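Chemist: Fold the following, please.
(chains A, B, C and D)
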Protein chains: 4
Amino acid sequence: MMDEVSASPAPDWHVSQWFNTDPLTLTALRGKVIVLHAFQMLCPGCVANGIPQAQRIARFFGPDHVAVIGLHTVFEHHEAMPPQALAAFIHEYRLTFPIGVDLPGKTGPIPQTMAAYAIQGTPSLILIDRRGLMRKHALGTEEDMRVGADIAFLLAEAG
Amino acid sequence: MMDEVSASPAPDWHVSQWFNTDPLTLTALRGKVIVLHAFQMLCPGCVANGIPQAQRIARFFGPDHVAVIGLHTVFEHHEAMPPQALAAFIHEYRLTFPIGVDLPGKTGPIPQTMAAYAIQGTPSLILIDRRGLMRKHALGTEEDMRVGADIAFLLAEAG
Amino acid sequence: MMDEVSASPAPDWHVSQWFNTDPLTLTALRGKVIVLHAFQMLCPGCVANGIPQAQRIARFFGPDHVAVIGLHTVFEHHEAMPPQALAAFIHEYRLTFPIGVDLPGKTGPIPQTMAAYAIQGTPSLILIDRRGLMRKHALGTEEDMRVGADIAFLLAEAG
Amino acid sequence: MMDEVSASPAPDWHVSQWFNTDPLTLTALRGKVIVLHAFQMLCPGCVANGIPQAQRIARFFGPDHVAVIGLHTVFEHHEAMPPQALAAFIHEYRLTFPIGVDLPGKTGPIPQTMAAYAIQGTPSLILIDRRGLMRKHALGTEEDMRVGADIAFLLAEAG
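Modeler: Here you go, the predicted model:
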């Protein structure tokens, strides 16, 4: 994890549609630790590891102090993963945490929030502290013990 | 498994499109043991258990005596699982066994081969013996030891 | 698996003590397929993989046609694995299949049945057909599908 | 986890023999978070879950701020788990964290440290904060995310 000094503010989200929630903004969540989970519904590593871990985080830490947010960052096979297919996916996998659909890029395959955060692939896990600073940015799935500890360290900091 | 006496002939397949193969028919595969794996690409139990098992069967038994055939039997969320989405799914999950798209039903959500076989849901595993008789018909995923034994028993029978 | 022509008769067992059964002999089990599972109670691969697989074999195939036999082949740390420690192990792990204690070697650390079968380490799995021929001899743990199929092939042979 | 106010000081350890370390005391470890893992070498839940988790804790947090200590609390099958058998177990399972042998009870089967801590069974996980207070006392194995978070919360407290 980055320390507070070297961390930069988390960019705003560009979302075309939200599932499981009213529209959400970083500003409105200020004061909570935010777990941003970037995924694609047809990414095997997301389905097998990343998404179940996001569900465990949401279940274990609860919504009062930690906000788990899914971000559907489609950067390949766009025609196979439109929002209506994501809706079926969310239903079948019984996902209950808020999920935003990243706004398609204007000039290329990379959607806008994915570009703003410089996310390199899926799954990716980003931790944002209570003050809105980006403190962790990891491609792939890390072990639960590390993720649990990282979130706890951020919760222990002053808001 | 059903014994040969009580088993009925496997119905023909109604397939709109094949992946990983030229068009296949039951008749052309006569003499081999056929493992018919019915799945939907957005079915969690298929992705977690059924499809990986089908891949293990194909890898372990090899194609000379056992034909593993996937059947995409979409009976819900049809708009989320068209053939072009299945193509992306097959690519991402690196599936190499032949997969047929079950022909949509004429009057309802159940596709035609699914109806002909009376498949109750996904994943389902159907074993067809060397003579074209349906010998096993199981909803859900059974343990590998049982499936390995069932296929071996059919292989040990005269063609 | 070895074919019947190249297979040799399974050697007799030299056992100092039996658990979960009256004394057993190869001859008395003739007509059944025998699954001989060689293990040590302090062998991590046995505890994690081999012994649970032996339990699955016993549960799946049942005792009428398949005899699962554990053989405690202690060849290292002898002082840590005497029969009374094995008794506690069998109790704690709730093992219910018959287990024989391999008779210590007269001149070295390798017990007598282990030497007669040329077992190279633990866990090892040996399959003996209905006629008493040794048809498979594998060091380490193989996947359940393969083991299930191998046992089924032997069951399908005439006695 | 207990808060600091309601937590009581961790009792001293009564150990007959140490493995992987010189003798250790609570006092000497003051300032570190201590993870006390009570186990028995023939306890299936310890071998499958508790001990591997202790190893993950030691590997992830490192020895500078967190001390993972195994405590061999034999309260049943005493004859099967003497220190020389534990030595073979530690060797076979390649355990590298410090492990103490709990001193046998003077009047019953429960060893002395187990009694002092009121440990109810194995595996048990006890967390002691930097000031020597007992903050968590859990029977069985908890999920890694919770354990990682609990240790991080204690690390974030002043020493």
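Chemist: Helices of chain A, residue ranges please.
Modeler: Taking DSSP state H as the test, the helices found in chain A are A:26-29, A:44-45, A:51-61, A:83-92, A:112-117, A:144-156.
Chemist: buried ones in the third one?
Modeler: By neighbour count on 16 or more other Cβ atoms under 10 Å in any protein chain shown, the buried set for helix A:51-61 is A:51, A:53-58, A:60-61. Bear in mind the C-beta positions are built from the backbone N, C-alpha and C, glycine included.
Chemist: Looking at these, which is nearest B:Pro123?
Modeler: Nearest to B:Pro123, judged by Cβ to Cβ, of those is A:Ile51 at 19.5 Å.
Chemist: Report the contact partners of the closest one.
Modeler: Residues counted as contacts of A:Ile51 (Cβ atoms under 8 Å, 6 or more residues apart in numbering or on different chains) are A:37, A:39, A:70, A:93, A:95, A:123.
Chemist: State the distance from it to chain D.
Modeler: Note on A:Ile51: its distance to chain D, by Cβ to the nearest Cβ, to the nearest Å, is 15 Å.
Chemist: what's the distance between that residue and A:Val68?
Modeler: Distance, A:Ile51 to A:Val68, by Cβ to Cβ, to the nearest Å: 11 Å.
Chemist: Next, show the common contact partners of those two.
Modeler: Contacts common to A:Ile51 and A:Val68, judged by Cβ under 8 Å, 6+ apart, are A:His37.
Chemist: related to what we said a few turns ago, with distance to D:Arg131 and mean pLDDT as new columns, can the helices of chain A be given to me in CSV?
Modeler: Shown next, in CSV, are the helices of chain A (distance: least, Cβ to Cβ, whole Å; pLDDT from 0 to 100):
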stretch, distance to D:Arg131, mean pLDDT
helix A:26-29, 34, 96
helix A:44-45, 42, 98
helix A:51-61, 26, 97
helix A:83-92, 46, 98
helix A:112-117, 40, 98
helix A:144-156, 16, 98
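Chemist: Identify the farthest-apart pair in the buried residues of helix A:51-61.
Modeler: For the buried residues of helix A:51-61, the farthest-apart pair by Cβ to Cβ is A:Ile51 and A:Phe61; their separation is 16.2 Å.
Chemist: and the closest residue to A:Cys43 other than its chain neighbours, how many neighbours?
Modeler: Excluding the flanking residues, the one nearest A:Cys43 by Cβ to Cβ, 6 or more residues apart in numbering or on different chains is A:Thr122, at 4.7 Å. A:Thr122 has 24 neighbouring residues, counting by other Cβ atoms under 10 Å in any protein chain shown.
Chemist: Packed most tightly, which of the helices of chain A would that be?
Modeler: Stretch with highest mean neighbour count among the helices of chain A: helix A:144-156 (a mean of 22; mean count of other Cβ atoms under 10 Å in any protein chain shown).
Chemist: That one to helix A:51-61, inter-axis angle?
Modeler: Helix A:144-156 runs at 40 degrees relative to helix A:51-61, counting by axes from the mean of the first three to the mean of the last three Cα atoms, to 10 degrees.
Chemist: Show me what counts as buried in stretch A:12-28.
Modeler: Applying 16+ other Cβ under 10 Å to stretch A:12-28 flags A:13-15, A:18-19, A:24, A:26 as buried.
Chemist: distance between that stretch and the chain's centre?
Modeler: 11 Å (Cα atoms, centre = their mean, to the nearest Å).
Chemist: can I get the CA coordinates of it in CSV?
Modeler: Extracted in CSV, the C-alpha atoms of stretch A:12-28 (Å, rounded to 0.1, in the frame of the first residue of the first chain):
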residue,chain,number,x,y,z
ASP,A,12,-14.1,10.6,-10.4
TRP,A,13,-16.2,7.8,-11.8
HIS,A,14,-17.8,7.9,-15.2
VAL,A,15,-20.7,5.5,-15.1
SER,A,16,-23.5,5.0,-17.6
GLN,A,17,-25.7,2.9,-15.4
TRP,A,18,-25.8,1.6,-11.8
PHE,A,19,-27.1,-1.8,-10.5
ASN,A,20,-28.0,-2.5,-6.9
THR,A,21,-28.0,1.2,-5.9
ASP,A,22,-28.9,4.7,-6.7
PRO,A,23,-26.1,6.6,-8.4
LEU,A,24,-23.0,6.9,-6.3
THR,A,25,-20.1,9.4,-6.3
LEU,A,26,-16.8,9.4,-4.6
THR,A,27,-17.7,12.6,-2.8
ALA,A,28,-20.8,11.1,-1.3
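Chemist: what about that stretch and chain B, touching?
Modeler: No. Applying Cβ under 8 Å from any Cβ of the partner chain, one finds stretch A:12-28 separated from chain B by no less than 13.6 Å.
Chemist: what sits up against that stretch?
Modeler: With Cβ under 8 Å, 6+ apart as the test, stretch A:12-28 has contacts from A:10, A:34, A:67, A:69, A:71, A:83, A:86-87, A:90, A:95-104, A:111-113, A:116, A:128, A:132.
Chemist: list the contacts for A:Leu71?
Modeler: A:Leu71 makes contacts with A:13, A:15, A:36-39, A:99-100, A:102, A:113-114, as judged by Cβ under 8 Å, 6+ apart.
Chemist: if I look at it, how far off is chain C?
Modeler: Taken as Cβ to the nearest Cβ, the span from A:Leu71 to chain C is 37 Å.
Chemist: what's the distance between that residue and A:Glu79?
Modeler: Here A:Leu71 is placed at a distance of 20 Å from A:Glu79 (Cβ to Cβ).
Chemist: can you check A:Asp102 too?
Modeler: With the distance defined as Cβ to Cβ, A:Asp102 ends up 16 Å from A:Glu79.
Chemist: Near A:Pro109, how many other residues are there?
Modeler: Using other Cβ under 10 Å, A:Pro109 is surrounded by 12 other residues.
Chemist: Which residue, other than its chain neighbours, is closest to it?
Modeler: Closest to A:Pro109 by Cβ to Cβ, 6+ apart is A:Phe75, at 5.2 Å.
Chemist: likewise A:Thr141?
Modeler: Per Cβ to Cβ, 6+ apart, closest to A:Thr141 is A:Asn49, 4.0 Å.
Chemist: Show the pLDDT at that neighbour.
Modeler: A:Asn49 is assigned 98 on the pLDDT scale.
Chemist: Run through the strands of chain A in chain order.
Modeler: Using DSSP state E, the strands of chain A run over residues A:8-9, A:15-19, A:33-39, A:66-72, A:99-102, A:124-128, A:133-139.
Chemist: Paired strands for the second one, with orientation please.
Modeler: Spelled out, it's strand A:15-19. Take DSSP bridges as the rule and strand A:15-19 pairs in its sheet with strand A:99-102 (antiparallel).
Chemist: Need the residues that contact the strand it pairs with.
Modeler: For strand A:99-102, the external contacting residues (Cβ under 8 Å, 6+ apart) are A:13-21, A:24, A:38, A:69-74, A:83, A:86, A:90, A:111-114.
Chemist: switch the cut-off to 6 Å
Modeler: For strand A:99-102, contacts defined as Cβ atoms under 6 Å, 6 or more residues apart in numbering or on different chains pick out A:15-20, A:70-73, A:83, A:111, A:113-114.
Chemist: Closest one of these to chain C?
Modeler: Top of the list for closeness to chain C, among the contacts of strand A:99-102 and by Cβ to the nearest Cβ, is A:Gly70 at 34.5 Å.
Chemist: confidence score at that closest one?
Modeler: On pLDDT, A:Gly70 comes in at 98.
Chemist: partners of it in the sheet?
Modeler: Going by DSSP bridges, A:Gly70 forms beta bridges with A:His37, A:Ile99.
Chemist: Run through the residues that contact it.
Modeler: With Cβ under 6 Å, 6+ apart, A:Gly70 has these contacts: A:37, A:97, A:99.
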